[in-house]
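J.: one predicted model, sequence on top.
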Amino acid sequence: MRISSRILCVALGIAVLAIAETASAALGQSAASIAADRRSLSAAKPSKVPGDRFELHAYESRGTTVREYLSPSGQVFAVAWDGLTHPDLAVLLGTYADEYRAASRETPRVRGQRNRRVEAPHVVVEMWGHMRHLQGRAYAPSLVPPGVDLDEIK
């Protein structure tokens, strides 16, 4: 009984590490991270819209549409979403997630206010909306390509 319990614990640990590896992508990562994000969020195949200043990849996950913006160099510089719920930001923010969490704890919530902006040294996350129509965006200011207006990230 003890040996099977240990084997189960080891198997669960390996599974958790595998899931964490799959989810380590997004903001600041390459275009290859979009496929990992899509798998982590159990999303449908993305659509791709090429452009001069950036490329847009969009996919739907559990009633929420997620859009990832790639710079001409192929790096994700922003993500945006709208839908029934906010997506898992740990997946979409990748290496910026811890910085966002720390800044979020320091940013006071205003009671009754539906929008929220959390600004950390390397990432900005904005969320707004109402029940069943939540929206937001996150971007790394240093990665936004020249000529891209932040109003285009929506």
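T.: Structure received.
J.: quick one: the strands in this protein?
T.: 47-49, 55-61, 64-70, 76-83, 116-119, 124-130, 133-139 (DSSP state E).
J.: mind listing what the second one pairs with, with the direction of each?
T.: It stands for strand 55-61. strand 47-49 (antiparallel), strand 64-70 (antiparallel) (DSSP bridges).
J.: what's the burial count for Ser142?
T.: The number of residues packed near Ser142 is 10, by other Cβ atoms under 10 Å. All C-beta spots, glycine's among them, are computed from the backbone N, C-alpha and C.
J.: what's the burial count for the closest residue to it other than its chain neighbours?
T.: Leaving out its chain neighbours, the residue that sits closest to Ser142 by Cβ to Cβ, 6 or more residues apart in numbering is His122, at 6.7 Å. Applying other Cβ under 10 Å, we find 16 residues neighbouring His122.
J.: list the contacts for the most centrally placed residue in the chain?
T.: Residue closest to the average C-alpha location in the chain (Cα atoms, centre = their mean): Leu92, at 1.6 Å. Leu92 makes contact with 26-27, 37, 66, 68, 79, 81, 138 under the criterion Cβ atoms under 8 Å, 6 or more residues apart in numbering.
J.: which pLDDT value belongs to it?
T.: On the pLDDT scale, Leu92 is placed at 90.
J.: measure it to Val125 for me?
T.: According to Cβ to Cβ, to the nearest Å, Leu92 and Val125 sit 9 Å apart.
J.: what's the answer for Ser61, then?
T.: In terms of Cβ to Cβ, Ser61 sits 18 Å off from Val125.
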